[in-house]
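**Q** Okay, predicted coordinates and the sequence, questions at the end:
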Amino acid sequence: MIEGKVTTDRYGREKSAEVIAAEVGLSPQTVRNILKKAGYKKTKPTRKPGLTQAMKDARLAFCLAHAGKGDEFWHNVIWTDETSVLLGHRRGGYRLWRKSNERVTRSVIRPRWKGYSEFMFWGCFTYKEKGPCYIYPRETVEMRKRALGRVDKLNEIMEPLKKVEWEASEQERRQKLKRKPGKPCTWKWNKENGKLERSKGGGIDWFRYWSEIQTPKLIPFAKRVNGIIVEDGCGSHSHWFIQHVYNIHEVAKIVWCGNSPDLNAIEPVWPRMKRDTIKKGPPQSRAEGVKVWKQAWKDVPQEALQGYVERIREHIQRVIDCEGGNEYEEGLKTRERLRQERIKKREQQKIEKEQKMQEIIDQKQQVNILKKQNQEKKKESLKQERQEDKEKVRVEREFQRKIRERELDRLREERAKQKVERKLQKQQEIEQEIEQQSKRQVERQKLQWQQQVEREIELQKLRGQEQIKQKVEQQTGMQVEQQIRQEMEQEIDQQVEQQVKQQIRQEIEQHADWEVEQQVEQQIELEVKHIKEIVEKPQCRKKGRIMQKPEEAQVGQSRVLRSRERRER
């Protein structure tokens, strides 16, 4: 019942909860709860251009004519239009945060200025490329005077052409009359027959559009991209002279249905640019606005423009469904469709997530299987490597063992050779020692012989000295004693030498052993020492005689006797 009150007509949509509650007999809060539960909420009304039946028929005819066009056609269409820019104005309503006592705070106040100025921005683009843009400057008095002069020149050129057209059309009209034609009409060069005149109210008229946009910017761009121009039905675009210029330059133009911004791809660009230009605050001067809008046109991405072109075909189909009306949601995707797509997307994401989880599980299982396989392979490879290492170690050990055996054999051979060499060296050394010993023995024997000879000589000398002493005792003179002594010493020396030599030879022949020789040598040395001691001891003189001390004589005699006994032994 409450929903029926709301959906009956446009006035029911605008009723408040209090009005509906009074009609139904419920409280306003209950009405709000019921409508909210049913999905209703109070929002701003949707704004759409008003359409007459003629406009709907034109829209339907346009959409039916272009419904079957493909990408090749729509990608070559040049979308053009103008929009007005109001300086110091911020698009749309907005709210800010403040306290109850901050109503007149400087950051809360938004100033309102008188005499806001505006300018017109024109642009064009295709699916593949963004075209030029233009901002109309303010027209001064001098510019308008120069424009009037150019219009007069154009009228001089166009008057003969229009007169010929008028005459042809007048002749055709008179031939179609059923009654006899009356007095023929006379030619008058006025606005009805095609005379070019500028509008008195100012603004953008056909002359400014032709002189500032069509000729210098739009036609060169259309020729370069080989595109078809789309323009709305405003006076500056629909003037006969504008179409005449297109015909001269052989540029195609689509006859666009009026009051249909939803069928022009450039219309969504203007709200986008107006939002972009007031993000940091609306421009306050014309120079700032011109700079900001030109930069915003450059910043519009080509992908966004392509999206606006692609949705035209969707709009055409929806216009056909609405029989030329505009009671549909613009854009490639409606809200309901977007909601359904979101639901599908969530379901798809859920499915994808489950699939991913399953894939992850499968991957983990595969990874685990691969890990096990790899571990087994690694174990096998490790076993093989260990076996190979063992085999290598065994081969190396065997090789080293052989090398050691060879080295030991070599060392044994070397040691054997060294032993043999040492034996030979020892034998040589022994032989050398024997030779040296024999030489030493010979030398020792020689020394012993000499010593024995010297000892015998000394003994003989001692004996001679004793004899001399006896003779000296008998004689009285010192001189006689000396002479006798010298003679006796010489004789004794000769006799002693001969006797000692003979005795030594005999003893050497009899005693060949080394120990005997040493004993003999020692005995000889002892005797020689005793003899030297006896010889070197001082002698005492008494009454012209050389006398020996009795103690020393007894000791010498005892030593001599001992040496004789040893020799005899």
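**A** That came through, no problem.

**Q** right, and residue 308 touches residue 263 too?
**A** No. The pair residue 308 / residue 263 is not scored as a contact, 11.5 Å apart, by Cβ atoms under 8 Å. All C-beta atoms are positioned from the backbone trio N, CA, C, and that covers glycine.

**Q** if I look at the two, which residues touch both of them?
**A** Taking Cβ atoms under 8 Å, 6 or more residues apart in numbering as the contact rule, residue 308 and residue 263 have no neighbour in common.

**Q** Sketch out the low-pLDDT regions of the stretch 451-569 of the chain for me.
**A** Applying pLDDT under 70 to the stretch 451-569 of the chain picks out residues 472, 474-485, 488-489, 492-569.

**Q** let's go with 80 and repeat that
**A** 452-453, 456-457, 460-461, 464-465, 467-569 (pLDDT under 80).

**Q** Same question for the stretch 201-350 of the chain.
**A** Those would be 201-203, 255, 280-282, 284, 329, 331-342, if you go by pLDDT under 80 across the stretch 201-350 of the chain.

**Q** ok, now with 70
**A** Scanning the stretch 201-350 of the chain for pLDDT under 70 picks out 201, 332-338.

**Q** can you give me the helices for it?
**A** Assigned by DSSP state H, counting those that start in this stretch, the helices in the stretch 201-350 of the chain fall at 206-209, 219-225, 235-238, 240-249, 269-277, 286-299, 302-321, 335-474.

**Q** Identify each buried residue in the second one, please.
**A** Within helix 219-225, the residues that count as buried by 16 or more other Cβ atoms under 10 Å are 219, 221-222, 225.

**Q** can I get these in JSON lines with distance to residue 56?
**A** Converted to JSON lines, these look like this (distance: Cβ to Cβ, whole Å):
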{"residue": "219", "distance to residue 56": "33"}
{"residue": "221", "distance to residue 56": "33"}
{"residue": "222", "distance to residue 56": "30"}
{"residue": "225", "distance to residue 56": "33"}
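
**Q** Not counting its own residues, what contacts stretch 238-249?
**A** Residues beyond stretch 238-249 that count as contacts (Cβ under 8 Å, 6+ apart) turn out to be 154, 158, 194, 196, 205-206, 209-210, 214-215, 219, 223, 229, 236, 252-253.

**Q** One more pass at 7 Å, please.
**A** Applying Cβ atoms under 7 Å, 6 or more residues apart in numbering, the external contacts of stretch 238-249 come out as 194, 196, 206, 209-210, 214-215, 219, 253.

**Q** May I see the buried residues of that stretch?
**A** For stretch 238-249, the neighbour count (16+ other Cβ under 10 Å) marks 239, 241-242, 245-246 as buried.

**Q** circling back: could you find which two of the contacts of stretch 238-249 are furthest from each other?
**A** 194 and 219 (21.5 Å; Cβ to Cβ).

**Q** For residue 144, see how far away residue 175 is.
**A** 44 Å (Cβ to Cβ, to the nearest Å).

**Q** and if you look at residue 278?
**A** 32 Å.

**Q** Comparing those two, which shows the higher neighbour count?
**A** Shown here are residue 278 and residue 144; by other Cβ atoms under 10 Å, residue 278 has more neighbours (16 against 12).

**Q** wait, what's in contact with residue 58?
**A** Residue 58 neighbours (Cβ under 7 Å, 6+ apart): 257-258.

**Q** One more: residue 330?
**A** Residue 330 makes contact with 262, 315, according to Cβ under 7 Å, 6+ apart.

**Q** change it to 6 Å
**A** residue 262 (Cβ atoms under 6 Å, 6 or more residues apart in numbering).

**Q** Repeat that for residue 193.
**A** Applying Cβ under 6 Å, 6+ apart, we find residue 193 in contact with 162, 166.

**Q** how about it, phi and psi?
**A** phi -90, psi 10 (degrees, to the nearest 10).

**Q** follow-up on the earlier one: now list the buried members of the contacts of stretch 238-249.
**A** 194, 196, 206, 209-210, 214, 219, 253.

**Q** Return the member of the residues you listed nearest to residue 79.
**A** residue 253 (12.3 Å).

**Q** Quick check: nearest residue in space to the closest one, chain neighbours excluded?
**A** Closest residue to residue 253 apart from its sequence neighbours, by Cβ to Cβ, 6 or more residues apart in numbering: residue 229 at 4.7 Å.

**Q** same question, residue 144
**A** Using Cβ to Cβ, 6+ apart, the nearest residue to residue 144 is residue 198, at 7.8 Å.

**Q** Next: residue 64.
**A** residue 320 (6.6 Å).

**Q** what does residue 225 give?
**A** Per Cβ to Cβ, 6+ apart, closest to residue 225 is residue 126, 5.7 Å.

**Q** Per-residue pLDDT of that neighbour, please?
**A** On the pLDDT scale, residue 126 is placed at 94.

**Q** which ones are touching it?
**A** For residue 126, counting by Cβ under 6 Å, 6+ apart, the contacting residues are 78, 225, 227.

**Q** wait, which of those is closest to residue 23?
**A** residue 78 (54.8 Å).

**Q** Specify the local secondary structure of the closest one.
**A** For residue 78, the assignment made with DSSP: H, G, I helix; E, B strand; the rest coil gives strand.
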